[in-house]
Structure formats: structure tokens, C-alpha cells
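Engineer: after the sequence you'll find the predicted model.
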Amino acid sequence: MKDTDPDTFLALASIAATLLGTFTVAAVFYIGSDTHRRPGPSAAVDDYWRSGMRWIFAAYSIPMLVALAFAALEPVWGAVTFIALTGVLVTTTVSTVRHVLRPDGPGNSRDLKVNEWATAVGVLVSAVLPWALGGWVPSPPFFIPSLLLVLAAGFTSTAALVLAEFDADTGSTEMAASAAHDDSA
């Protein structure tokens, strides 16, 4: 793999920063909304939402911070940053998978289950990919596929959480309409 221009890493970092910023704003508005204040189906589902948001923050942080480290610092610092943040992401992945597997968790949502397993595999692949491609001491270009994979996993997880919330709203709206219809009968 040929050497990569620092501008490539800066472009990747800016994309990740944009997605992280957008997700942060959405999370702040969600926390301040009535939707967040309504009781969830169970405490386990609420725990999953918090765990999922932590996972997404970690996932967007990796391509942003690692790319910045590779663009501005010696390559060893980019690799150290990647290893440290990947450790955080693996830990949060274990947490979200545990929440999906709980009987009273969000495991009845097929979209969340599929996304959870796909991103768990993606995290494991991205953790070893630089060394699988570049050998024992991979150069910075060998980290790019992992950074893109984590960025894509973060995006799909964001979409899955948003769609699950829409599904929850639709379900509660349908239940309220059904209850209103039963009361009128």
C-alpha cells in the first residue's frame, strides 16, 4: 500500500467529526424531548439506549482521533490511539451485546439485533485488520480500511437507533389509537 497524504486523514477526520457533531446535537435534543422522558418498556431497554449511545460516540471518535493523530503526529501515536480507542469500542460492544441478549432488553427488535451482531463482527475485524494487511508494524495507510469500517458501523448504528425509536413511537401511537378505538366501542 502506498503512503497516504495527511490530507486523506484530515478528510476522514472531518467526516467523522461531522457525524459525531450531528449525533451529539441529536442526542442533546433527544434528552431534552418528551420522548426521552416517557418511560421505556423496561429498565433494560433504557440501559441499552445509554450503552448504544456510548458505543456510537466511541465509534465516531476512532476515525476522528486516529486520523488526526496520523495526520499531525508520528505514526506510532496514531497506532497507540487506535489500540486504546479500539479497546474502548470492544468494551462498549460487549456491553451493547449483553443488553440485546437480556430477556427484557431490546432483543425483540430485529433491526437492532441484526445491527448489533453485524457491528460486533465489524469491530472485531477492524481491530485486527491493520495488522492482517500491514504485518507486525503496519504503516498508517493500513489503518484506513479499519477507520472506514468503524465509521460505517457507527453510521449504521445511528440509523438503527433512530429507526428503533421511530418504531417505538409508531407502536405507542398504534396502541393509543387501538385503546381509543376500544374505549369508543
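Structural biologist: Structure's in. What do you need? Predicted model, so just to flag it, every value in this text is computed and none were measured. Numbers count the residues shown, from 1 in each chain.

Engineer: which strands and helices sit next to the helix or strand containing residue 63?
Structural biologist: Using DSSP states H and E, residue 63 maps to helix 43-72. Here helix 43-72 touches helix 6-31, helix 75-101, helix 110-134, helix 144-184, going by 3 or more C-beta pairs under 8 Å, 6 or more residues apart in numbering; DSSP states H and E. The way it works is simple: take the backbone N, C-alpha and C, and place the C-beta from them, glycine included.

Engineer: if we go to 6 Å?
Structural biologist: Packing partners of helix 43-72 (3 or more C-beta pairs under 6 Å, 6 or more residues apart in numbering; DSSP states H and E): helix 6-31, helix 75-101, helix 144-184.

Engineer: also compute the angle for the second one relative to helix 110-134, please.
Structural biologist: In other words, helix 75-101. With axes from the mean of the first three to the mean of the last three C-alpha atoms, to 10 degrees defining the directions, helix 75-101 sits at 150 degrees from helix 110-134.

Engineer: pick out the shakiest of the helices and strands packed on helix 43-72, pLDDT-wise.
Structural biologist: Within the helices and strands packed on helix 43-72, confidence is poorest for helix 144-184, with a mean of 70 (mean pLDDT).

Engineer: who touches residue 120 in this structure?
Structural biologist: Each residue near residue 120 by C-beta atoms under 6 Å, 6 or more residues apart in numbering is listed here: 93, 97.

Engineer: just the pLDDT for it.
Structural biologist: For residue 120, pLDDT reads 92.

Engineer: now mean neighbour count and distance to residue 46 too, for the helices and strands packed on helix 43-72, in JSON lines please.
Structural biologist: Listed next are the helices and strands packed on helix 43-72 as JSON lines, based on neighbours: other C-beta atoms under 10 Å; distance: least, C-beta to C-beta, whole Å:
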{"stretch": "helix 6-31", "mean neighbour count": "16", "distance to residue 46": "12"}
{"stretch": "helix 75-101", "mean neighbour count": "18", "distance to residue 46": "10"}
{"stretch": "helix 144-184", "mean neighbour count": "15", "distance to residue 46": "12"}
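
Engineer: save those as a markdown table, and put in distance to residue 128 too.
Structural biologist: As requested, the helices and strands packed on helix 43-72 are arranged in a markdown table below (distance: least, C-beta to C-beta, whole Å):
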| stretch | distance to residue 128 |
| --- | --- |
| helix 6-31 | 20 |
| helix 75-101 | 10 |
| helix 144-184 | 9 |
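
Engineer: for residue 68, which of these is the nearest?
Structural biologist: Comparison of the helices and strands packed on helix 43-72 against residue 68 by C-beta to C-beta identifies helix 6-31 as nearest, at 4.8 Å.
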